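Asks: here are the coordinates; sequence isn't available:
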């Protein structure tokens, strides 16, 4: 059963197409990682799903409630999700506890519910000791934590997170990612990020957006299996870079070579046939007289897949 | 209704915590107290200057009507400035800072968001005017004679309505513009636009400015030409409706 469904969602600003016909479905209780370079359309997608902006075309539903399109019920949908924007904004004259209390009141929670939930959340996000401090004096990391707390106050079935750990130190990132992992199964999490390590750690499925279009959508394992072609790396001794570059370019037309990057003393071959590549490349390098410092076959990471898909996107 | 009360609570708390309520009350009370004092002692103050003695002799002895007139002049002039200053950032500042987007993704309707801001400003101005009116009433009683309380309340009610016209117009500007400064500038332009036709008597009696004239006449002859009340109420309603219509479609 899908918690988030998007059909043909588009957003055009004048001559700029920020989002181009996005089709996506996120299963209930899963953690979805929404990846993309800067300007890909990730934040635009979140703004469309939370009613901050209206689409140019397409429809979307959050927990069964239409949020975009002609039948959109933005007000009704607002009870179905929590949202942490990339740079959460607060009333600086309020304390952390007061802001969470205000949000709790907006969601119609009783005084006892609010008191219990606020105490729990402040503890969870590590702000219990700063509860009575004015938000105006908070660091960026503290504001991020408070932002996460306010997104969770109503125990929403869906959680939208825009770069939830970008402002946190390593310890904070570990805590928040741990919290996201604990929420798996209870809440559907749609997490926009460019930190691939975090996606690898917590996300069940991954969507990659480039120039407003979804270029990949699969589980993490399927994505790697489908797109993570094996790599052969050749590293030469200093002084032999020119010879390496010349030899590597000569191998590019080979049928098993899918891609080639040369950076200083390192040449990387992305290959479609490991056996043919393994049989051909090393002997060829020896024949060319290259003095190798390192020769290695690698399994690409999600980062490699991401960079390849983003660079190849039309 | 509950959501409106929640939003109103936040607005009033903000007015208090950011000292806006306090500053507004202090300014209005100051001018409320100064008005009968100025009316009473201006001739004597002028008489202290040798060059102005002749002028002082020409000024008739001050009466309670002078105190009322001074009060209306001060409240209308400084009250409008306060209305622009307090209302110009009401929406624009929240849009600029991102708090509007932060709150409006929650079950808080945009109409309630705006309505609560207007209601909070209405309460703030009402409280400030009540304190200023009480101070002026007391000083007028001490320096001149007692004022008719019912008429004095009616006078201040008309002043409040006058000020709320400019609050509502400035809130509309705050919705339309991106920054508080731009909203203030547009509101000031509208203020001039509303004042210019007032020089034509046949038009002026329908404009918000006539509310001040009406307030003055309430204390003496009972007030005439009440059309300005309905036009002002209509302007408030139209401004708020226009603000809501514009705001509900805005991208935040």
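Replies: Cool, got the structure. Since we're looking at a predicted model, the values are computed, not measured.
Asks: Count residues in the vicinity of residue 196, would you?
Replies: Answering for chain A, as no chain was given. 19 (other Cβ atoms under 10 Å in any protein chain shown). Backbone N, C-alpha and C define where each C-beta goes, glycine included.
Asks: I was thinking of chain B, sorry if that wasn't clear
Replies: By other Cβ under 10 Å, neighbour count at residue B:196 equals 11.
Asks: So the residue of the stretch 101-250 of chain A found nearest chain B, which state does it fall into?
Replies: Of all residues in the stretch 101-250 of chain A, residue A:105 sits closest to chain B, at 4.3 Å by Cβ to the nearest Cβ. Secondary structure assignment for residue A:105 (DSSP: H, G, I helix; E, B strand; the rest coil): helix.
Asks: Could you double-check that it sits in contact with residue A:115?
Replies: No - Residue A:105 is beyond contact range of residue A:115, at 11.8 Å (criterion: Cβ atoms under 8 Å).
Asks: of the two, who's got more company?
Replies: With neighbours defined as other Cβ under 10 Å, residue A:105 and residue A:115 compare such that residue A:105 has more, 20 against 14.
Asks: ok now do the residue of the stretch 101-250 of chain A closest to chain B, which residues does it touch?
Replies: For residue A:105, the contacting residues are A:114, B:6, B:9, taking Cβ atoms under 8 Å, 6 or more residues apart in numbering or on different chains as the criterion.
Asks: Out of these, which sit inside helices?
Replies: Among the contacts of residue A:105, the ones falling in helices (DSSP state H) are A:114, B:6, B:9.
Asks: which of these lies closest to residue A:236?
Replies: Closest approach to residue A:236 among those (Cβ to Cβ): residue A:114, at 64.9 Å.
Asks: Spatially nearest residue to that closest one, not counting backbone neighbours?
Replies: residue A:104 (3.8 Å; Cβ to Cβ, 6 or more residues apart in numbering or on different chains).
Asks: Can you give me the distance of that neighbour to residue B:106?
Replies: Distance from residue A:104 to residue B:106, counting by Cβ to Cβ, to the nearest Å: 10 Å.
Asks: What parts of chain A come near chain B?
Replies: Residues of chain A lying near chain B by Cβ under 8 Å from any Cβ of the partner chain: A:47, A:50-54, A:75, A:78-79, A:83, A:85, A:87-91, A:93-94, A:102-103, A:105-108.
Asks: so the residue in the stretch 51-200 of chain A that chain B sits nearest to is in which element?
Replies: In the stretch 51-200 of chain A, the residue found nearest to chain B is residue A:89; the distance is 3.2 Å by Cβ to the nearest Cβ. Using DSSP states H and E, residue A:89 sits within no helix or strand.
Asks: Tell me how many other residues crowd it.
Replies: The tally of other residues near residue A:89 (other Cβ under 10 Å) stands at 18.
Asks: For it, grab phi and psi.
Replies: phi -110, psi 140 (degrees, to the nearest 10).
Asks: That one against residue B:98, yeah?
Replies: Yes - using Cβ under 8 Å, residue A:89 is in contact with residue B:98, at 3.2 Å.
Asks: on that earlier part again, what is the nearest of the ones in helices among the contacts of residue A:105 to residue B:214?
Replies: Among the ones in helices among the contacts of residue A:105, residue B:9 lies closest to residue B:214 (Cβ to Cβ), at 34.2 Å.
Asks: What's the local residue count around the closest residue to residue A:309 other than its chain neighbours?
Replies: Nearest residue to residue A:309 in three dimensions, chain neighbours excluded: residue A:215, at 4.8 Å (Cβ to Cβ, 6+ apart). Applying other Cβ under 10 Å, we find 20 residues neighbouring residue A:215.
Asks: Now the buried members of the residues of chain A next to chain B.
Replies: A:47, A:50-53, A:78, A:83, A:85, A:88-91, A:93-94, A:102-103, A:105-107 (16 or more other Cβ atoms under 10 Å in any protein chain shown).
Asks: residue contacts, residue A:256?
Replies: Residue A:256 touches A:271-273, A:276-277, A:280, counting by Cβ under 8 Å, 6+ apart.
Asks: pLDDT score assigned to the nearest residue to residue B:227 once chain neighbours are set aside?
Replies: Leaving out its chain neighbours, the residue that sits closest to residue B:227 by Cβ to Cβ, 6+ apart is residue B:206, at 5.2 Å. On pLDDT, residue B:206 comes in at 87.
Asks: before we move on, back to that, would you agree the residue nearest to residue A:309 falls within a strand?
Replies: Yes - membership of residue A:215 in a strand is supported by three-state DSSP.
Asks: quick one: residue B:8 and residue B:122 touch, right?
Replies: No - contact between residue B:8 and residue B:122 fails when scored by Cβ under 8 Å: they sit 10.2 Å apart.
Asks: Run through the chain and note the low-pLDDT ranges.
Replies: Looking at chain A here, since you left the chain open. A:225-229, A:313-314 (pLDDT under 70).
Asks: oops, I was thinking of chain B
Replies: Applying pLDDT under 70 to chain B flags residues B:52-57, B:222-224.
Asks: Tell me the residues of it that contact chain A?
Replies: Listed as neighbours of chain A in chain B under the rule Cβ under 8 Å from any Cβ: B:2-3, B:6-7, B:9-10, B:14, B:17-18, B:97-99, B:101-109, B:249, B:251-252.
Asks: Contact partners for the nearest residue to residue A:65 once chain neighbours are set aside?
Replies: Of all residues not flanking residue A:65 in the chain, residue A:77 sits nearest, at 4.2 Å (Cβ to Cβ, 6+ apart). Residue A:77 sits next to A:51, A:62-63, A:65-67 when contact means Cβ under 8 Å, 6+ apart.
Asks: Out of those, which is nearest to residue B:149?
Replies: Closest to residue B:149, out of all of those and judged by Cβ to Cβ, is residue A:51, at 50.6 Å.
Asks: who's in contact with the closest residue in space to residue A:135 that isn't next to it in sequence?
Replies: Closest residue to residue A:135 apart from its sequence neighbours, by Cβ to Cβ, 6+ apart: residue A:90 at 4.5 Å. Going by Cβ under 8 Å, 6+ apart, residue A:90 touches A:99, A:135, A:143, A:146, B:99, B:102.
Asks: Now residue A:90. Its backbone dihedrals?
Replies: phi -130, psi 170.
Asks: Just the helices from the stretch 151-300 of chain A, written as ranges.
Replies: All helices of the stretch 151-300 of chain A, identified by DSSP state H, counting those that start in this stretch, fall at A:170-183, A:196-202, A:220-227, A:241-251, A:274-287.
Asks: swap that for chain B, sorry
Replies: Per DSSP H, chain B carries helices over the ranges B:2-17, B:20-47, B:53-58, B:64-87, B:92-97, B:99-104, B:110-143, B:149-176, B:180-195, B:201-204, B:210-218, B:227-248.
Asks: one step back: counting neighbours, what do you get for the residue nearest to residue B:227?
Replies: Using other Cβ under 10 Å, residue B:206 has 16 neighbouring residues.
Asks: Next up, the contacts around it.
Replies: Residue B:206 touches B:227-228, B:231, counting by Cβ under 8 Å, 6+ apart.
Asks: what does residue A:216 give?
Replies: Contacts of residue A:216 (Cβ under 8 Å, 6+ apart): A:206-208, A:223, A:227, A:305, A:309.
Asks: Dump those into JSON lines; add distance to residue A:246 and neighbour count as well.
Replies: Below are those laid out as JSON lines (distance: Cβ to Cβ, whole Å; neighbours: other Cβ atoms under 10 Å in any protein chain shown):
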{"residue": "A:206", "distance to residue A:246": "38", "neighbour count": "25"}
{"residue": "A:207", "distance to residue A:246": "40", "neighbour count": "24"}
{"residue": "A:208", "distance to residue A:246": "34", "neighbour count": "26"}
{"residue": "A:223", "distance to residue A:246": "34", "neighbour count": "22"}
{"residue": "A:227", "distance to residue A:246": "29", "neighbour count": "19"}
{"residue": "A:305", "distance to residue A:246": "29", "neighbour count": "22"}
{"residue": "A:309", "distance to residue A:246": "29", "neighbour count": "18"}
